[in-house]
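Participant: mind folding the following:
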Amino acid sequence: MNQFSISFVFPMFNEFENIGNTIARASKLAQELTDDYEIVVIDDASTDKSVETVKAIAEEDPYVKIICLQDNTCMGGAIKKGFKSATKEVIIYTDSDFPAKEDDIKKALSILGDADIVTSYSLAIKNPKFTRIIISKTYNYLIQLFFGLNIRDINGALKIYKRKVLEAISPKSNSSFIHSEIFAEAVKKGFNIKQYGIIFESRTKGKSSGARMNVIVKTISDMLIYRFSR
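Facilitator: Prediction:
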């Protein structure tokens with residue numbers, strides 16, 4: 001693709017130990033790719049010093065903005081708010097601990113030209129805990145069974161969208177099911193999805209919120225609501 005404008009979107013919940021480094025990495029990468037970018041951080045009602053950290057950075061860097069949600073949404077609401085708030089041509093989503101390597105983001109961008117969405121899947125097991133593996137495999141199986149989505153890892157931690165995709169879709173989910181909902185709607189509307197294998201960097205600081213029981217319950221609830229209401 002020719003030069004394009006970029007929005008980085010980072011949903012955040014208690015990422016005080018990671019978010020400063022994540023913004024620094026995203027800023028450096030963005031400047032290598034374009035002169036028209038923004039870094040959008042959506043705080044999902046953090047209880048640590050994450051918000052203060054981002055606000056301090058944003059005061060010094062006009063390319064960084066933070067949006068704070070009053071109530072925790074189990075991440076899906078933060079992702080949805082981030083996508084609505086992104087203003088650039090290409091939207092890059094990844095987790096707030098920045099698990100994707102910069103070179104992989106560049107390579108993923110390079111195949112976006114004839115696709116509308118590039119989504120990642122892991123080439124190696126990132127979290128070896130048995131329960132996490134079972135949860136992930138079961139969820140991916142259900143997504144394929146219910147919605148016919150041939151996506152190897154629907155919750156892969158790097159997704160790149162052309163703006164027109166997100167403008168055409170109005171997801172309702174406030175849980176991690178939001179990824180599946182967007183992809184299901186994108187397929188219905190004829191958008192082209194490409195998959196890209198990555199070896200993600202393991203989290204070394206902070207805790208992932210994806211395996212919290214309230215997150216799992218909300219995700220399953222939203223999946224069933226979508227399955228039987230559309």
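
Participant: could you pull out the strands for this protein?
Facilitator: 6-12, 37-43, 64-68, 90-94, 117-122, 158-162, 193-198 (DSSP state E).

Participant: isn't Thr87 right next to Glu38, touching?
Facilitator: Yes - if you go by C-beta atoms under 8 Å, Thr87 and Glu38 touch, sitting 6.5 Å apart. C-betas here are computed from N, CA, C, even on glycine.

Participant: neighbour-wise, which of those two wins?
Facilitator: Neighbours were counted for Thr87 and for Glu38 using other C-beta atoms under 10 Å; Glu38 has more, 19 against 13.

Participant: excluding chain neighbours, give the residue nearest to that one in space.
Facilitator: Nearest residue to Glu38 in three dimensions, chain neighbours excluded: Ser7, at 5.2 Å (C-beta to C-beta, 6 or more residues apart in numbering).

Participant: returning to that earlier point: quick check: neighbours shared by Thr87 and Glu38?
Facilitator: When C-beta atoms under 8 Å, 6 or more residues apart in numbering defines a contact, the residues bordering Thr87 and Glu38 alike are Ser7.

Participant: next, count neighbours for Leu112.
Facilitator: For Leu112, the count of nearby residues is 20 (other C-beta under 10 Å).

Participant: which residue packs closest to it, ignoring adjacent ones?
Facilitator: Counting by C-beta to C-beta, 6+ apart, the residue nearest Leu112 is Val118, at 5.2 Å.
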